[in-house]
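Visitor: sequence? don't have it. structure:
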């Protein structure tokens, strides 16, 4: 394994159960043994196969391939031959594993995929509400695109959705947007 990922991946022997749940046969003793050796054991739940596949590929090669955001209208035809995943999913995994270089790569991938047509959906998303650094970056981009027709037309609907309780997670984005707007000097 390359020096890029310093996480030891442990795969315990697993036995498939009738209800499709996998149970470790020797999981507890293997974890105890690795803790004695000084390895860090991290339990990470809720990670999609594509994200794990892209992560393992990154660990071995130092290369990570990101798909487009769902809010983008283009497809990823060229990525089908290499493991790839959502930059949002990889950002979450990298943060959980405290892998700052990978987290920064995913952050930049998210940033480069944002434009006037998708910034509203992304800035007011659940994902953005969970990550302060992402929210700050997206609010700054939203302000850059504030004069774009798609933003001018879509922003009132987002405000209404937050006010009606349809986007309760987006209150922090709305607050951050207001705070940034009040700091912009008036244009004559």
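Guide: Structure's in. What do you need? Fair warning: this is a prediction, and the values are worked out from it, not measured in the lab. Numbers count the residues shown, from 1 in each chain.
Visitor: give the buried residues for the longest helix seen in the chain.
Guide: Longest helix of the chain, by residue count under DSSP state H: helix 149-163. For helix 149-163, a neighbour-count test (16 or more other CB atoms under 10 Å) marks 151, 154, 155, 158, 162 as buried. (Glycine included, C-beta is placed from N, CA and C.)
Visitor: in CSV: the residues you listed, plus distance to residue 65.
Guide: Formatted as CSV, those follow (distance: CB to CB, whole Å):
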residue, distance to residue 65
151, 30
154, 30
155, 33
158, 31
162, 34
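Visitor: got those as JSON lines, with distance to residue 90 and pLDDT columns?
Guide: Below are the buried residues of helix 149-163 laid out as JSON lines (distance: CB to CB, whole Å; pLDDT from 0 to 100):
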{"residue": "151", "distance to residue 90": "27", "pLDDT": "94"}
{"residue": "154", "distance to residue 90": "27", "pLDDT": "93"}
{"residue": "155", "distance to residue 90": "29", "pLDDT": "91"}
{"residue": "158", "distance to residue 90": "26", "pLDDT": "91"}
{"residue": "162", "distance to residue 90": "28", "pLDDT": "88"}
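Visitor: hmm, which helix or strand of this protein has the shakiest average pLDDT?
Guide: In the chain, no helix or strand scores lower on mean pLDDT, DSSP states H and E than strand 14-16, which sits at a mean of 36.
Visitor: for this structure, what spans make up the helices?
Guide: Per DSSP H, the chain carries helices over the ranges 27-36, 49-61, 87-96, 100-112, 119-123, 126-130, 132-144, 149-163, 171-183.
Visitor: check contacts around residue 116.
Guide: Contacts for residue 116 were tallied using CB atoms under 8 Å, 6 or more residues apart in numbering; they are 145, 148, 150, 151.
Visitor: do residue 155 as well
Guide: 120, 146.
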